[in-house]
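# my questions are about this predicted structure, shown below with the sequence.
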Amino acid sequence: MLLDLVAIIHDEIRWLVAEDATYIQFDAPYYSDYLDPRQREHIRQPDRELEEGITGDNAAFADVLCDHMTLALHVCRGTAVAMPPQERPPRLGRPELRALPLS
């Protein structure tokens, strides 16, 4: 199933590049689950699944990016401010979104 999704996203990215898009953002809220110790204990093979997710995301961008393209990855931690303090996930880093220029 992952390969089917990668093919769909890859095709959409090729279309965006053909239309001269200069910025593409992946929303990847699932990455934070692999880093949160409370979530990892509910995932059968978290390291393997994280590696598969990264491989899939990289494959979606394979052979379609160009010099003028910026790729951003948004890893959401949810709306922790709305949660009671005892239920908030641990902070795993700075919350701002970073745009990464690709080579």
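Arrived safely, thanks for sending. For clarity, every value in this text was computed on a predicted model and none was experimentally measured. Residues are numbered from 1 along each chain as shown.

# helix, strand, or coil at Cys76?
The assignment at Cys76 comes out as coil when based on DSSP: H, G, I helix; E, B strand; the rest coil.

# give the contact list for it.
For Cys76, the contacting residues are 27, 29, 32, by Cβ atoms under 8 Å, 6 or more residues apart in numbering. (Glycine included, C-beta is placed from N, CA and C.)

# any idea how far the second one is from Leu71?
Pro29 is 17 Å from Leu71, where distance means Cβ to Cβ, to the nearest Å.

# which one of the two has more residues nearby?
Neighbours per residue, other Cβ atoms under 10 Å: of Pro29 and Leu71, the larger number sits with Leu71, 16 against 11.

# need phi/psi at the residue nearest in space to the middle of the chain.
The geometric centre of the chain, computed from its C-alpha atoms, lies nearest to Ala28 (Cα atoms, centre = their mean), at 3.1 Å. Dihedral angles of Ala28 (phi, psi; degrees, to the nearest 10) stand at phi -130, psi 70.
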